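**Student:** how would this look folded up:
(chains A, B, C and D)
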There are 2 protein chains.
Amino acid sequence: MSEKSYTVGRLADDTGIKAVTIRYYEKIGLLPKASRSESGYRLYSEADCSRLLFIRRSRGLGFSLDDIRELLSLADRQQDSCAGVDAKVEQQLEQVRSRLKDLRAMEHELERLTACCEGGVIMDCRIVETLSGAT
Amino acid sequence: MSEKSYTVGRLADDTGIKAVTIRYYEKIGLLPKASRSESGYRLYSEADCSRLLFIRRSRGLGFSLDDIRELLSLADRQQDSCAGVDAKVEQQLEQVRSRLKDLRAMEHELERLTACCEGGVIMDCRIVETLSGAT
DNA sequence: CATTGACCTTATAGTAACTATAACCCTTAG
DNA sequence: CTAAGGGTTATAGTTACTATAAGGTCAATG
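**Tutor:** Model prediction:
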């Protein structure tokens, strides 16, 4: 067994998550307390690295840190049904879709606005007019 | 001239922006300091109401409060070119599109995940596997 | 006239997920 | 030996609010 261990900076480079963020994750209990070198440096194992990558991937899907905390604890129970994980993914998908809907509406409205200005002064600007309340 | 004036709660009801939020906007200088009644209640005019609606509409397009601060100050100069406003709208559109892109990617990935789980236990779950690092 | 309930006031702290800063300690290459 | 580039801690700032506490005002009701 080669027990490689990483410092926080090394782990940061390997995972693309900044050292400060890694410490933050530890502080809020998303990562377990790291073991320490004699001089007090945090030391991380492969397992820590995996956990961190799990977090990064989940963040990439838009999960909140609280969601991820739950996901991790669900994922840790190898023998349990994965229904909980499933449900969380479904739920996240719904949330993403809802945000998509909002953003698409914004996009359309902004497009409409960019199209309606003919480049005069504020007084005659259709954009300002619209924002100010004209329908 | 009928100088109607609103209390903060009335303004809140009329605009759909909560009283606390209106006070907050005043505090950060997004709204001018409201005049006060004898007893110290804030009093608002039609102009304040318009300004607040402007803010609400801009928020609805995803502008940050800082952006809105700028928009308002641009919109206040009736004689100036509306190029600044134009630019801000364009820029906001870009931002929205960029967020859309990210969210669409999340949506696709989440869809893929929901599709790949066959409902067993964590140990065999393709979702957990994926989040844990399998490609 | 007193009281009740719905308003208003202020100040302060909490939220999410970091980022920035300060002030200090450790390690290693020249 | 010293300087650069790690690491450590604690604290405050960010965005746009929301929540809480502790109190003052106003209109209506008993």
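**Student:** please make it C-alpha for all contacts and neighbour counts, starting now.
**Tutor:** Will do.
**Student:** residue nearest the centroid of chain A?
**Tutor:** residue A:59 (3.0 Å; C-alpha atoms, centre = their mean).
**Student:** can you check my assumption that it lies in a helix?
**Tutor:** Yes. According to DSSP: H, G, I helix; E, B strand; the rest coil, residue A:59 belongs to a helix.
**Student:** residue in chain A nearest to DNA strand D?
**Tutor:** residue A:9 (2.6 Å; C-alpha to the nearest atom of the strand).
**Student:** that residue is in contact with residue A:17, isn't it?
**Tutor:** No. When contacts are counted by C-alpha atoms under 8 Å, residue A:9 is not listed as touching residue A:17 (9.3 Å).
**Student:** ok, the residue nearest to the centre of chain A to chain B distance?
**Tutor:** According to C-alpha to the nearest C-alpha, to the nearest Å, residue A:59 stands 10 Å off from chain B.
**Student:** contacting residues for residue A:85?
**Tutor:** For residue A:85, the contact set (C-alpha atoms under 8 Å, 6 or more residues apart in numbering or on different chains) comprises A:71, A:74, A:75, B:127, B:128.
**Student:** backbone dihedrals for residue A:108, please?
**Tutor:** Backbone geometry at residue A:108, expressed as degrees, to the nearest 10, gives phi -60, psi -40.
**Student:** any idea how far it is from residue B:123?
**Tutor:** 44 Å (C-alpha to C-alpha, to the nearest Å).
**Student:** neighbour count for those two, which is higher?
**Tutor:** More crowded of residue A:108 and residue B:123, by other C-alpha atoms under 10 Å in any protein chain shown: residue B:123, with 16 against 12.
**Student:** just give the nearest non-adjacent residue to that one, would you?
**Tutor:** Nearest residue to residue B:123 in three dimensions, chain neighbours excluded: residue A:78, at 4.7 Å (C-alpha to C-alpha, 6 or more residues apart in numbering or on different chains).
**Student:** hmm, that neighbour is touching residue B:120, no?
**Tutor:** No. Here residue A:78 lies out of contact with residue B:120, judged by C-alpha under 8 Å, at a distance of 10.5 Å.
**Student:** so which residues on chain A come close to DNA strand C?
**Tutor:** With C-alpha under 7 Å from any atom of the strand as the criterion, chain A comes near DNA strand C at residues A:18, A:20, A:21, A:24, A:38, A:39, A:40, A:59, A:63, A:64, A:65, A:66.
**Student:** and those, which are buried?
**Tutor:** A:18, A:63 (16 or more other C-alpha atoms under 10 Å in any protein chain shown).
**Student:** let me have the residues of chain A next to DNA strand C in CSV, extended by distance to residue A:85 and pLDDT.
**Tutor:** Formatted as CSV, those follow (distance: C-alpha to C-alpha, whole Å; pLDDT from 0 to 100):
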residue, distance to residue A:85, pLDDT
A:18, 27, 96
A:20, 28, 96
A:21, 25, 97
A:24, 25, 97
A:38, 39, 93
A:39, 40, 94
A:40, 36, 95
A:59, 15, 97
A:63, 12, 97
A:64, 14, 97
A:65, 15, 97
A:66, 14, 96
